[in-house]
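Q: I'd like to go over a predicted model; first the sequence, then the structure.
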Amino acid sequence: MATVRKSRRRFLGTLTAAIVAAMGVGRFLSPRVGHRKPLLTVSAAEVPHEGALVYREARVALLRDGGEIYALSLVCTHLGCTVTVTPTGMVCPCHGSIYDRGGGLLKGPATRPLPRYRVETQGVKLVVFP
Ligand code: FES
């Protein structure tokens, strides 16, 4: 009798694992690195040497520092307002946090810098990924 119960348990365990695998639950448990959709694709020539190329709707700014082009999130790390790009950096209109051109925090109430997005060069295009 005990052998039948063990066998039944083993069978049910195997059946459950097969159903979970068939439902594709595993894809939700693994990281999806490299499968993210790009936020933007722009021509590298469009990024000005001074100032920034701002995509207000996407809340992203592309900036150039010497030969490096980088993308910053314009979402304030305090409470999520959209920061404004100024000639010297970024200012949040909601509560006054100030960030430098690299996204570094200069003045709170925010406590973290602006996140940078990954920028990939594809020929003459720049692709910005979240
Ligand atoms: S949301 Fe930007 S300082 Fe508060």
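A: Structure's in. What do you need?
Q: For this structure, what lies in contact range of the ligand?
A: Neighbours of the ligand within the chain, by Cβ under 6 Å from any ligand atom: 76, 78, 79, 81, 92, 94, 95, 96, 97, 109, 110. Just so you know, the C-beta spots here come from the backbone N, C-alpha and C atoms, and that holds for glycine as well.
Q: what about the fifth one, neighbour count?
A: Right, the one you point to is residue 92. 25 (other Cβ atoms under 10 Å).
Q: need the contact list for residue 117.
A: Contacts for residue 117 (Cβ atoms under 8 Å, 6 or more residues apart in numbering) come out as 39, 60, 71, 72, 73, 128, 129, 130.
Q: Please parse this protein into its domains.
A: Per automatic domain parsing, the structural domains of the chain span 1-30, 40-129.
Q: List just the nearest of the contacts of residue 117 to the ligand.
A: Looking at the contacts of residue 117 and their distance to the ligand, the nearest is residue 73, at 12.2 Å (Cβ to the nearest ligand atom).
Q: for the closest one, what are its contacts?
A: By Cβ under 8 Å, 6+ apart, the residues touching residue 73 are 59, 60, 103, 114, 115, 116, 117.
Q: repeat for residue 87
A: Shown in contact with residue 87 (Cβ under 8 Å, 6+ apart): 50, 51.
Q: and it, which of the three is it?
A: coil (DSSP: H, G, I helix; E, B strand; the rest coil).
Q: pLDDT at it, what is it?
A: Residue 87 carries a pLDDT value of 87.
Q: for residue 123, same thing?
A: Checking the pLDDT column for residue 123, the value is 89.
Q: What is the burial count for it?
A: 7.
Q: ok, it to the ligand distance?
A: 36 Å (Cβ to the nearest ligand atom, to the nearest Å).
Q: quick one, phi/psi of that residue?
A: Main-chain torsions, residue 123, degrees, to the nearest 10: phi 70, psi -120.
Q: Can you give me the buried ones in the helix or strand hosting residue 70?
A: Assigned by DSSP states H and E, residue 70 falls within strand 68-73. For strand 68-73, the neighbour count (16 or more other Cβ atoms under 10 Å) marks 69, 70, 71, 72, 73 as buried.
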